[in-house]
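>>> For reference, the sequence and a predicted model appear below.
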Amino acid sequence: MWNRFPLLLRALLLAVAVTGTTTVVWGVLIQSNLRFSPGLPWAAVIMAAFLVFYWKFLKGWGWPQSTSAARRAGLRAEPLSSSVWRWSLLAGGLGLAASIALFILSHRLIRWPQPPHSDLSLIPVITLLPSLLMSATVAGIGEEAGFRGYMQGNLERRYGPALGIAVTSIAFGLAHLTHGAFVPAILFDIGWGALYGLLTYWSGSIVPAIILHSSDDALGFIAAWKFPPTAPAPLVWVTGPDAWLWFNCALVVLLGSASVWAFRRLGRTHSNSPESLNECQHTAAGNQSSK
């Protein structure tokens, strides 16, 4: 029955199911924690244990054994050599830094809506900080496993990397419509999806993307906690260009160019690494599951 659905629909449903499971479980835990015992960060502890077992399941552990190989191949979480690790983190980190610089620059070019301000002062720090870090971890693991693992991997094997990354990134961006329907924000989400998709494709694993995704979200959550929203910066069309604007422009170009160079090095390093052969073997297993 499952195999009668079109591959695109199956891949999308897998992404929603894998990502949604972590989101729903964490949402129930953190809401219960804040409602009944905000002074004790038990939700983060339980969620950490859940993620360990959930990760093992997605990697092929547990019942049903008939889907073990397909789950492992779909997750795309194989170990990487030290050289691939270095270039993955460098390429992805530079790309992420360039996108953040562009994000900051965009606030001087167009008027962004003010984000809603959540008063976190009533939550004890002993609970708030672990909860913010766990929220970032849940997003990194759940979204990368669902979108870059199970969805993009299936589409790559059938339609090639370009279309697989493009379709997955669009789906990833649209999945963030729950944050609002502001078009520039959706385009940035699509762009970040493409960055993580390229990183997964060129490294052969979702693990570097998980680390960067979780780290970026953690920094963003902590920044939102420590630095409440202020008055928006004046648009360049009103004040004219200044030194800070030109610095941001130069930063986008330099970091973006460095990221392209690092991604090229990553691609060459991965193609010559032992895990590239393992990836081919798991691709064959994944092809069986997508038929």
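Thanks, I have the structure now. Residues are numbered from 1 along each chain as shown.
>>> If I look at the residue nearest to F182 when sequence neighbours are not counted, what pLDDT would I see?
In space, and not counting its chain neighbours, F182 is closest to P113: 5.9 Å by C-beta to C-beta, 6 or more residues apart in numbering. For every residue, glycine as well, the C-beta is placed using N, CA and C. pLDDT for P113: 88.
>>> before we move on, what about G173?
With respect to pLDDT, G173 has a value of 96.
>>> ditto for I190
I190 carries a pLDDT value of 97.
>>> centre of the chain versus stretch 170-177, how much separation?
12 Å (C-alpha atoms, centre = their mean, to the nearest Å).
>>> In it, which residues are buried?
Neighbour-count burial for stretch 170-177, counted by 16 or more other C-beta atoms under 10 Å, picks out 171-173, 175-176.
>>> Same question for stretch 56-70.
Buried residues in stretch 56-70, counted by 16+ other C-beta under 10 Å: 58-60, 68-70.
>>> nearest to P130, of those?
L58 (23.4 Å; C-beta to C-beta).
>>> show me the contacts for that closest one.
For L58, the contacting residues are 18, 71, 74-75, 77, 145, 149, by C-beta atoms under 8 Å, 6 or more residues apart in numbering.
>>> The closest residue to it other than its chain neighbours - how many residues pack around it?
Counting by C-beta to C-beta, 6+ apart, L58 lies nearest to L75, which is 4.7 Å off, once chain neighbours are set aside. Other residues within reach of L75, judged by other C-beta atoms under 10 Å, total 26.
>>> What count of nearby residues applies to G197?
Counted with other C-beta under 10 Å, G197 comes out at 27.
>>> surely it meets T168?
Yes: at 5.7 Å, G197 counts as touching T168 under the criterion of C-beta atoms under 8 Å.
>>> Overlap of the contact sets of these two?
Common neighbours of G197 and T168 are listed as 147-148, 152 (criterion: C-beta under 8 Å, 6+ apart).
>>> out of those residues, who's nearest V52?
Nearest to V52 out of these is R148 (C-beta to C-beta; 20.2 Å).
>>> I figured the closest one hits L198, correct?
No: look at R148 against L198 with C-beta under 8 Å: they stay out of range, at 9.8 Å.
>>> Would you mind telling me which of these two has the busier surroundings?
A count of neighbours by other C-beta under 10 Å puts R148 above the other of R148 and L198, at 31 against 22.
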